[in-house]
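Got a sequence here, can you build the structure:
(one chain, ligands or ions: 2)
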Amino acid sequence: MSGSRLLTSEDVALCDLPNVHPISYTRYLEAGGYQGLLRAAERSAEAVRDTVKQSGLLGRGGAGFPTWKKWEHVAVRHSTEKYVVCNAAEDEPGTFKDRYLLRHNPHQILEGALIAAHAVTAQTVYLYINGRYTEEIIWMQQAITAFLGNAFPRKFLSDFLTHLDIRVVKSPGTYVAGEETAALEVIEGRVAAPRQKPPYYPAASGLYQCPTLVNNAETLAHIPSILREGPEYFRNIGNGQGTMLFTLTGQVCRPGIYERPLGTPISELILTCGQGIKNQKNLKAFFPGGPSNAILLAEHLNVLLDFQALRKAGASLGTGAIIVMSEETCMVQAALEYSRFFAKESCGQCPPCVLGLLHLADTIEKIENGEGEAADLKRVSQITEMIKGRGLCYLLTGAAVAVESILAHFRDEFEAHIDAGCPFNLSASPLACPALQSH
Ligand SMILES: Cc1cc2nc3c(=O)[nH]c(=O)nc-3n(C[C@H](O)[C@H](O)[C@H](O)COP(=O)(O)O)c2cc1C
Ligand code: SF4
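Ligands and ions are numbered 1, 2, ... in the order given. Here you go, the predicted structure:
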């Protein structure tokens, strides 16, 4: 488990993912597994939180929020019940990293969640997993059984485990079900609909109104090595922020899951790991952090993959889903695909989301079909401006940011569609995001 690869032992092409099987409990132990939990058990909850603080770990679920701060917010609350939710709902197009982790090493996620439970003094851990990941759910259940069946000798752990409840809950496998408060709704037995924040911030009023820590599965999978090897170990990787799992999809020769230190240039992912653009075409644009964020262009290949550098470049690292579009991609079609996706995934609670996204997709479709007018282009801008920052969750703003950035970089393509119809041969033009096909 030591060495530069914290989470995985090898890069894997997406087509090879079905052949990846989890390492056994015994092999995990031999590789240093559950040593992080033992180290945590020897320390107070506060000392564990301090170790995570020193590591500087930022959440891998999309926003890059400092993990220790989130833990602190839950830990300081007085409550007889507290919960930890490991978020592996993962249904964003182009993101398969948590699935890979679950396939490759469910124990590492479980160990991270158990350490988190100790650190925030929670009594129940929920492993909330995309319901369509049927094999991974079974493997996680097997990992829990193997762990509990081989209980550790230390007294603390026995006491801790006696009082700890570990449960697996299936998410409905929709994009919005991964939003943290929608996840809580599902765990409580209701439909996946995000809650109003404030007041329902999970740390203050989460599951059953109790303080709840929600962390992404990859975030939690980083925890064991931080406890086992020490925070300096983590800070010495890359630019000091550890590694991240990047899902590379779209028009690259070798789409796959690649673990690289934060601070790696984007070019290394697209040109080296992905072996360049398919059919020897040129790179046109890419999402560096999933489709709820801004796109970047070929001129941004030297930008570093880390939270700050991407923010500076006007984009976001998100979940590390790098979606590549070649010169053959029609960007109006891309904007249409994404706006339709977001419209379809809306949970329906907020009128600007339901109506705004539908109107946005319909307007872009008109332009794509060569039936658009100059007023439609203006309308696209007006709608994105109107919906940004609205709604109970970030889905709506994410949709606006994505379409807005496509329009900002490729306005000439939208205008060309209005003047003379789509200049691309759409039957030959690749989908902007092949993963959208599964939605
Ligand atoms: C529409 C939507 C979908 C989301 N889906 C996921 C998801 O599948 N997995 C996840 O960890 N976070 C997802 N998030 C982010 C979570 O709300 C939350 O911020 C995250 O689980 C926090 O984990 P972290 O602090 O470890 O990064 C989603 C957010 C939104 C708005
Ligand atoms: S913004 Fe959209 S997806 Fe989010 S809660 Fe409102 S309706 Fe649901």
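
Could I get the full set of strands for the stretch 1-150 of the chain?
With DSSP state E, counting those that start in this stretch, the ranges of strands along the stretch 1-150 of the chain come out as 12-13, 83-88, 124-130.

least reliable of those strands going by mean pLDDT?
The weakest mean pLDDT among the strands of the stretch 1-150 of the chain belongs to strand 12-13, with a mean of 92.

starting at the chain centroid, how far to the longest helix along the chain?
Taking DSSP state H as the criterion, the chain has its longest helix at helix 351-368. Relative to the centre of its chain, helix 351-368 is centred 25 Å away, using C-alpha atoms, centre = their mean, to the nearest Å.

helices and strands around that helix, which ones?
Under the contact definition 3 or more C-beta pairs under 8 Å, 6 or more residues apart in numbering; DSSP states H and E, helix 351-368 sits against helix 331-345, helix 374-387, helix 394-409, helix 411-420. Using the backbone N, CA and C atoms, a C-beta is placed for each residue, glycine as well.

Reformat these into TSV and put mean neighbour count, mean pLDDT and distance to residue 65 next to each item.
What follows is the helices and strands packed on helix 351-368, written out as TSV (neighbours: other C-beta atoms under 10 Å; pLDDT from 0 to 100; distance: least, C-beta to C-beta, whole Å):
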stretch	mean neighbour count	mean pLDDT	distance to residue 65
helix 331-345	23	95	22
helix 374-387	17	97	23
helix 394-409	22	97	13
helix 411-420	16	95	33
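
Dump those helices to JSON lines, plus distance to ligand 2.
Shown next, in JSON lines, are the helices and strands packed on helix 351-368 (distance: least, C-beta to the nearest ligand atom, whole Å):
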{"stretch": "helix 331-345", "distance to ligand 2": "7"}
{"stretch": "helix 374-387", "distance to ligand 2": "9"}
{"stretch": "helix 394-409", "distance to ligand 2": "4"}
{"stretch": "helix 411-420", "distance to ligand 2": "25"}
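
will you turn those helices into TSV that also has distance to residue 280?
Output for the helices and strands packed on helix 351-368, formatted as TSV (distance: least, C-beta to C-beta, whole Å):
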stretch	distance to residue 280
helix 331-345	20
helix 374-387	33
helix 394-409	23
helix 411-420	22
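
among these, which is nearest ligand 1?
Among the helices and strands packed on helix 351-368, the nearest to ligand 1 by C-beta to the nearest ligand atom is helix 394-409 (3.7 Å).

send the alpha carbons of the closest one over as PDB?
Presented in PDB, the C-alpha positions along helix 394-409 are these (Å, rounded to 0.1, in the frame of the first residue of the first chain):
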ATOM      1  CA  TYR A 394     -25.800  22.800  -7.800                       C
ATOM      2  CA  LEU A 395     -27.300  20.700 -10.700                       C
ATOM      3  CA  LEU A 396     -28.900  23.800 -12.200                       C
ATOM      4  CA  THR A 397     -25.900  26.100 -11.800                       C
ATOM      5  CA  GLY A 398     -23.600  23.300 -13.200                       C
ATOM      6  CA  ALA A 399     -25.800  23.100 -16.300                       C
ATOM      7  CA  ALA A 400     -25.700  26.800 -16.800                       C
ATOM      8  CA  VAL A 401     -21.900  27.000 -16.300                       C
ATOM      9  CA  ALA A 402     -21.300  24.200 -18.800                       C
ATOM     10  CA  VAL A 403     -23.500  25.700 -21.600                       C
ATOM     11  CA  GLU A 404     -22.300  29.200 -20.900                       C
ATOM     12  CA  SER A 405     -18.600  28.200 -21.300                       C
ATOM     13  CA  ILE A 406     -19.300  26.300 -24.500                       C
ATOM     14  CA  LEU A 407     -21.100  29.300 -25.900                       C
ATOM     15  CA  ALA A 408     -18.300  31.700 -24.700                       C
ATOM     16  CA  HIS A 409     -15.600  29.600 -26.500                       C
END
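
same for it, what does it pack against?
So helix 394-409, by 3+ C-beta pairs under 8 Å, 6+ apart, packs with strand 283-287, helix 331-345, helix 351-368, helix 374-387.

Return the distance of the first one from the chain's centre.
When you say that, I think you mean strand 283-287. 20 Å.

Listing partners with orientation, what would you give for it?
For strand 283-287, the pairing partners within the sheet under DSSP bridges are strand 296-297 (antiparallel), strand 321-326 (antiparallel).

who touches the first one?
When contacts are taken as C-beta atoms under 8 Å, 6 or more residues apart in numbering, the neighbours of strand 296-297 outside the stretch itself are 266, 284, 285, 286, 287, 288, 303, 313, 314, 315, 409.

at 10 Å what do you get?
266, 283-289, 303, 310, 313-315, 322, 405, 409-410 (C-beta atoms under 10 Å, 6 or more residues apart in numbering).

if you skip the residues just before and after it, what's nearest to residue 313?
residue 303 (4.8 Å; C-beta to C-beta, 6 or more residues apart in numbering).

was I right about that neighbour contacting residue 294?
No. Counting by C-beta atoms under 10 Å, residue 294 is not a contact partner of residue 303; they are 11.9 Å apart.

More neighbours: the two, which one.
residue 294 (21 against 18; other C-beta atoms under 10 Å).
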